[in-house]
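Novice: Starting from these lines, generate the structure:
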Amino acid sequence: MQTDHQGMLAGQVETGAREPGVAARRLIYGVALAWSLFQIWIASPLPYWVDLFIVSETKARSIHLAFAVLLAFLAFPAVNPMARTRPLAGYFFILVGLGLWALAGYQVWQEMPRAGVFATVGAAVLLAAWPLLRPATLDRVPAVDWLLALLAALCAGYLFLFHEALAQRPGAPTMTDLIIAGIGMALLLEATRRVLGPALMVIAVIFLVYTFAGPWMPDLIAHRGASFARAMSQQWLSNEGVFGIALGVSTSFVFLFVLFGALLEKAGAGGYFIRVAFSLLGHLRGGPAKAAVVASGMTGMVSGSSIANVVTTGTFTIPLMKRVGFPAYKAGAVEVSSSVNGQLMPPVMGAAAFLMVEYVGISYVEVIRHAFLPAVIAYIALFYIVHLEALKAGMEGLPRRVATTVTGRLIAWGLTLSGLFVLAGATYYGLGWIKAVSGDASPYIIGMLVLAAYLSLLWTACRAPAVQMVDDDHLELPDPRSTIQGGLHFLLPVVVLVWCLVVERLSPGLSAFWAVAFMVFIMLTQRPLIVLFRGQGAFANDVPPDDPAARQVTRALLRGGHELANGLVQGARNMVGIGVATAAAGIIVGTVAMTGIGLAMTDMVGFLSGGNLLLMLMLTGLICLVLGLGLPTTANYIIVATLMAPVIVELGSQHGLLIPLIAAHLFVFYFGIMADVTPPVGLASFAAAAVSRADPIRTGMQAFIYSLRTVTLPFLFVFNTQLLLIGVNSLWQLLLTVFGALVGILVFAAATQGWLFTRNRIHESILLLGIALVLFAPNLLMDRIEPRYDRLPPGEIQEVAEAAPRGGQLRFAVEGMDMEGREVERVVMLPMGDPGPGEERLTHAGLGLMTLGDQVSISFVSFGSPADRMGLESGWNVTEVMVPADRPAPEWFYLPALLLLGGIVALQRRRARR
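Specialist: Prediction:
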């Protein structure tokens, strides 16, 4: 019963719960396969090499959404099969459809020309409502769903089919344009509800209503409103709404990364990661829970969904955690915390990393660099929390099949780590030397070396003994050496991906293409090569031993092709939710651009916080948490980044706190994904509870307690941006930052869990929290003693700009009147590029200045420049320039904090011995 429930949950969340007949199932399979092949084609350089089927970005987005909505209506039933009551959405759609018909009749009576639009859209809404009033159909695709699927795909593909005609009449839609846009919008909302539940659909509907009802809103959020034609032109017939940046990122980058993860899973890498984690960590106290943290982290690095991560790894990890002594709700909570934190881990970050590239305006490598340290220390802290839980309960780990000594394990770990460092260094510098020597021939030489590495690692895997994971009959852990040896070739595609992203600096889309291409090669060749290499290896039982060699190779090749096709289909079906979510989130983005609600959000948060900066951040985090309820990671980030990230930057600058844009986006991203944990809607908690058979609310509350470190980190890196490696200019400073962050997060975990070496006393927990704060943000104490910046007159801005280091920041304060007629005072941090004269560097940053005596004013701001992204406007005055003050290093406060920590450790160890 548990397995059936879990499988239904996983299917609903990721790929659809419907299992129709053979013909329909084959059609869905073919559509999903065609979608994956299309995405691979447009991401590859092949269309430009052969000059065939080159698809523009706008047309690619249109086709992408057409595939997504087509699969949404075919694979997802109208009614949730686990729901005991019919959804209210059916009656809501009926009311909306009847309302549109009434509006059409009113327009006919008034002799207005838009009656046909509302009548047709109303008919489409009523058609979408019909399946909602029927029982769930899982064994077939009803005729009405076929009709809705084709109609939705036609509306989504309208921009592809009539792109040139639409480009010739921008802002002047015809009657046909408006009918298609209205029907497409209604069906997109229904597809969103089917795939993702009602949360995102309701939010999108609220923003659509706000678009039209602006004049009747309260003064704080009122606007002049928009006509149906203007709204549809913005939302459906341009690149500023549904087909905006979010869907563009989904089309260009996200699909290939999700496909890469699906191919890794089908090839066997997912199971390999779990086996390695358990073989290395299962013998420790609470070992299965620690292995769950590591395994979820590894799968979460390339996963686009925390819920899929829970269901994938939790199937194995949660029962083993319960076996070694974890209560069911704590076992589920550990898996939830691990899987949700996987969305914070580069390189994918639940697809948010690629969106940040577009929204923040920095390179992908910079996004990864800023996000890396907080994600790593969050995982280390969760690992430590699991250790503390095991200490509290007196748990033991699982026994090994092959006994090893502590000394032997340490030597093995040391040799392994040193070998990895040597191999990484040899690879980096060796390939660099090859590129320098061989020139244009280097891609072919490097390709041959990668092929040789693949063949040697696969041969090694075939020589490894078969590894059997722990189950009900086997309580011992497998040998780590054999386990690791049995799948090292799965790491090569990840190495290719990271190399292309970080070293070659290729675009994320092209990097993912080469990683996917390598995965395709592996899936087609690994099984035939295993047959050729086989002996007594781990894969020796894949084919009957008495078959002739040629027949074995042929069967292995066919099996590999079948697995490849299944992986391509699985990747496409996993993308349905993300594709629909990014399109629906585009409605919110379009509404913000059309109505100016972003300024209203800034005013509202500023009013409610009363000018208190910490309260402002807390309110913003709470709003992000509410906005993210029930949403997948990608849609979640789009919404909170559009609405709340500008609020943090604006209000911070008004209060003299220079918050980098990436810090604001990571702040809202962290709080947004916490909605997957937090009851009553935490979807990841419900998924884990379905596996552990625990109360989902209790599981979610425990997971939130484990995730307090994730809630606290955003506040810390807003006040101390060195945690994002911003302003870290030397190796010594980097080491101090990493040391303070690592020790600080461990101390914070001990304080919140009430245990260090024994149970904390209340005053010890309070002191530990204070120590953690000092280690995380020592600059807060130093700012109380000496100011962080010296303030110079505005006339020195060009000299300060010239003295800024390469890639440094220029800090200055401005005042003036904005486009809304409001007086503005803020502090900005303008990025400086290459060294040069001050005036030239300011011009390259998009800022022109005019000096009249002691007054310096902004003469121009280049569109799309860094100065434009900072919100600067021409006519504003520069009031002062800020340069770092010459003061003692804040890290001196580490010494008293560490001494106090040593005293607490000594007291607790004495109590523990008693």
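
Novice: distance of Gln343 from Gly902?
Specialist: According to Cβ to Cβ, to the nearest Å, Gln343 stands 36 Å off from Gly902. (Glycine included, C-beta is placed from N, CA and C.)

Novice: Compare these two (neighbour count), which wins?
Specialist: Neighbours per residue (other Cβ atoms under 10 Å) separate Gln343 from Gly902, with Gln343 holding more: 30 against 10.

Novice: ok, Ala885 - how many residues close by?
Specialist: For Ala885, using other Cβ under 10 Å, the count is 12.

Novice: whoops, I mixed them up, Ile274
Specialist: Close neighbours of Ile274, defined as other Cβ under 10 Å, add up to 23.

Novice: One more: Ser862?
Specialist: So Ser862, with other Cβ under 10 Å, has 14 neighbours.

Novice: and the nearest residue to it once chain neighbours are set aside, how many neighbours?
Specialist: Once flanking residues are discounted, Ser862 sits nearest to Gly846: 3.6 Å by Cβ to Cβ, 6 or more residues apart in numbering. A count of neighbours around Gly846, defined by other Cβ under 10 Å, yields 19.

Novice: Name the single longest helix found in this structure.
Specialist: helix 549-595 (DSSP state H).

Novice: So what's the gap between that helix and the chain middle?
Specialist: In terms of Cα atoms, centre = their mean, to the nearest Å, the centre of helix 549-595 is set 17 Å apart from its chain centre.

Novice: again with stretch 358-371
Specialist: On Cα atoms, centre = their mean, the centre of stretch 358-371 falls 13 Å from that of its chain.

Novice: residues making contact with that stretch?
Specialist: Applying Cβ atoms under 8 Å, 6 or more residues apart in numbering, the contact partners of stretch 358-371 are 245, 248-249, 344, 346-347, 349, 353-354, 356-357, 501-502, 505, 507-508, 641, 645, 661-663, 665-666, 724-726, 866, 869.

Novice: Just the buried residues of that stretch, please?
Specialist: By 16 or more other Cβ atoms under 10 Å, the buried positions in stretch 358-371 come out as 358-362, 364-371.

Novice: so of those, which ones are in helices?
Specialist: Counted as lying in helices by DSSP H, out of the buried residues of stretch 358-371, are 358-360, 364-371.

Novice: Low-confidence ranges, the stretch 151-300 of the chain, go.
Specialist: Regions of the stretch 151-300 of the chain meeting the criterion pLDDT under 70 cover residues 300.

Novice: go with 50
Specialist: Low-confidence segments of the stretch 151-300 of the chain (pLDDT under 50): none present.

Novice: residue boundaries of the helices in it?
Specialist: Per DSSP state H, counting those that start in this stretch, the stretch 151-300 of the chain carries helices over the ranges 158-161, 163-167, 175-196, 198-212, 228-235, 245-249, 255-267, 269-281, 287-300.

Novice: Deepest in the core, which of those helices is it.
Specialist: helix 287-300 (a mean of 28; mean count of other Cβ atoms under 10 Å).

Novice: thinking again about what came up before, could you redo the buried residues of stretch 358-371 as a markdown table and give each row pLDDT and distance to Val494?
Specialist: Putting the buried residues of stretch 358-371 into a markdown table (pLDDT from 0 to 100; distance: Cβ to Cβ, whole Å) gives the following:
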| residue | pLDDT | distance to Val494 |
| --- | --- | --- |
| Glu358 | 80 | 24 |
| Tyr359 | 81 | 26 |
| Val360 | 82 | 25 |
| Gly361 | 77 | 28 |
| Ile362 | 79 | 24 |
| Tyr364 | 80 | 16 |
| Val365 | 81 | 16 |
| Glu366 | 85 | 21 |
| Val367 | 85 | 18 |
| Ile368 | 85 | 14 |
| Arg369 | 86 | 18 |
| His370 | 88 | 21 |
| Ala371 | 87 | 18 |
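
Novice: Let's have the residues you listed in JSON lines, adding distance to Ile380.
Specialist: Below are those laid out as JSON lines (distance: Cβ to Cβ, whole Å):
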{"residue": "Glu358", "distance to Ile380": "30"}
{"residue": "Tyr359", "distance to Ile380": "28"}
{"residue": "Val360", "distance to Ile380": "26"}
{"residue": "Gly361", "distance to Ile380": "31"}
{"residue": "Ile362", "distance to Ile380": "26"}
{"residue": "Tyr364", "distance to Ile380": "24"}
{"residue": "Val365", "distance to Ile380": "23"}
{"residue": "Glu366", "distance to Ile380": "23"}
{"residue": "Val367", "distance to Ile380": "21"}
{"residue": "Ile368", "distance to Ile380": "18"}
{"residue": "Arg369", "distance to Ile380": "18"}
{"residue": "His370", "distance to Ile380": "18"}
{"residue": "Ala371", "distance to Ile380": "15"}
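
Novice: Of these, which is the nearest to Ala328?
Specialist: Ala371 (32.7 Å; Cβ to Cβ).

Novice: Hmm, Gly332 is touching Ala694, no?
Specialist: Yes. Counting by Cβ atoms under 8 Å, Gly332 does reach Ala694; the two are 5.2 Å apart.

Novice: Tell me which of the helices of the stretch 151-300 of the chain lies nearest to Phe521.
Specialist: When these are compared by Cβ to Cβ, helix 255-267 sits nearest Phe521, at 10.6 Å.

Novice: Mark which of the contacts of stretch 358-371 are part of strands, please.
Specialist: Counting by DSSP state E, the contacts of stretch 358-371 place none of their members in strands.

Novice: For the buried ones among those, write the corresponding PyMOL selection.
Specialist: To isolate the buried ones among these in PyMOL, judged by 16+ other Cβ under 10 Å, type:
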select buried, resi 245+248+249+344+346+347+349+353+354+356+357+501+502+507+508+641+645+661+662+663+665+666+724+725+726+866+869
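
Novice: Just confirm Arg194 contacts Leu74, I think it does.
Specialist: No. Using Cβ under 8 Å, Arg194 is not in contact with Leu74, being 10.4 Å away.

Novice: Mind giving me the packing neighbours of the helix or strand hosting Val125?
Specialist: In the assignment (DSSP states H and E), Val125 maps to helix 115-129. Helix 115-129 is packed against helix 88-109, helix 143-156, helix 175-196, with contacts defined by 3 or more Cβ pairs under 8 Å, 6 or more residues apart in numbering; DSSP states H and E.

Novice: and of those helices, who's closest to Ile588?
Specialist: Proximity to Ile588 (Cβ to Cβ) singles out helix 175-196 among the helices and strands packed on helix 115-129, at 11.8 Å.

Novice: mind checking how far that closest one is from the chain centre?
Specialist: 26 Å.

Novice: Now do it against helix 228-235, angle only.
Specialist: Counting by axes from the mean of the first three to the mean of the last three Cα atoms, to 10 degrees, helix 175-196 lies at 60 degrees to helix 228-235.

Novice: and helix 175-196, C-alpha only, in PDB?
Specialist: Output of helix 175-196 as PDB, limited to C-alpha atoms (Å, rounded to 0.1, in the frame of the first residue of the first chain):
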ATOM      1  CA  MET A 175      -9.400  39.800 -33.400                       C
ATOM      2  CA  THR A 176      -7.800  36.400 -34.100                       C
ATOM      3  CA  ASP A 177      -4.700  37.300 -32.100                       C
ATOM      4  CA  LEU A 178      -6.900  38.200 -29.100                       C
ATOM      5  CA  ILE A 179      -8.900  35.000 -29.400                       C
ATOM      6  CA  ILE A 180      -5.800  32.900 -29.500                       C
ATOM      7  CA  ALA A 181      -4.200  34.800 -26.600                       C
ATOM      8  CA  GLY A 182      -7.300  34.600 -24.400                       C
ATOM      9  CA  ILE A 183      -7.800  30.800 -25.000                       C
ATOM     10  CA  GLY A 184      -4.100  30.200 -24.600                       C
ATOM     11  CA  MET A 185      -4.100  32.000 -21.300                       C
ATOM     12  CA  ALA A 186      -7.100  30.100 -19.900                       C
ATOM     13  CA  LEU A 187      -5.700  26.700 -21.000                       C
ATOM     14  CA  LEU A 188      -2.200  27.600 -19.600                       C
ATOM     15  CA  LEU A 189      -3.900  28.200 -16.200                       C
ATOM     16  CA  GLU A 190      -5.700  24.900 -16.400                       C
ATOM     17  CA  ALA A 191      -2.500  23.100 -17.400                       C
ATOM     18  CA  THR A 192      -0.700  24.700 -14.400                       C
ATOM     19  CA  ARG A 193      -3.400  23.600 -12.000                       C
ATOM     20  CA  ARG A 194      -3.300  20.000 -13.400                       C
ATOM     21  CA  VAL A 195       0.500  19.700 -13.200                       C
ATOM     22  CA  LEU A 196       1.400  21.800 -10.100                       C
END
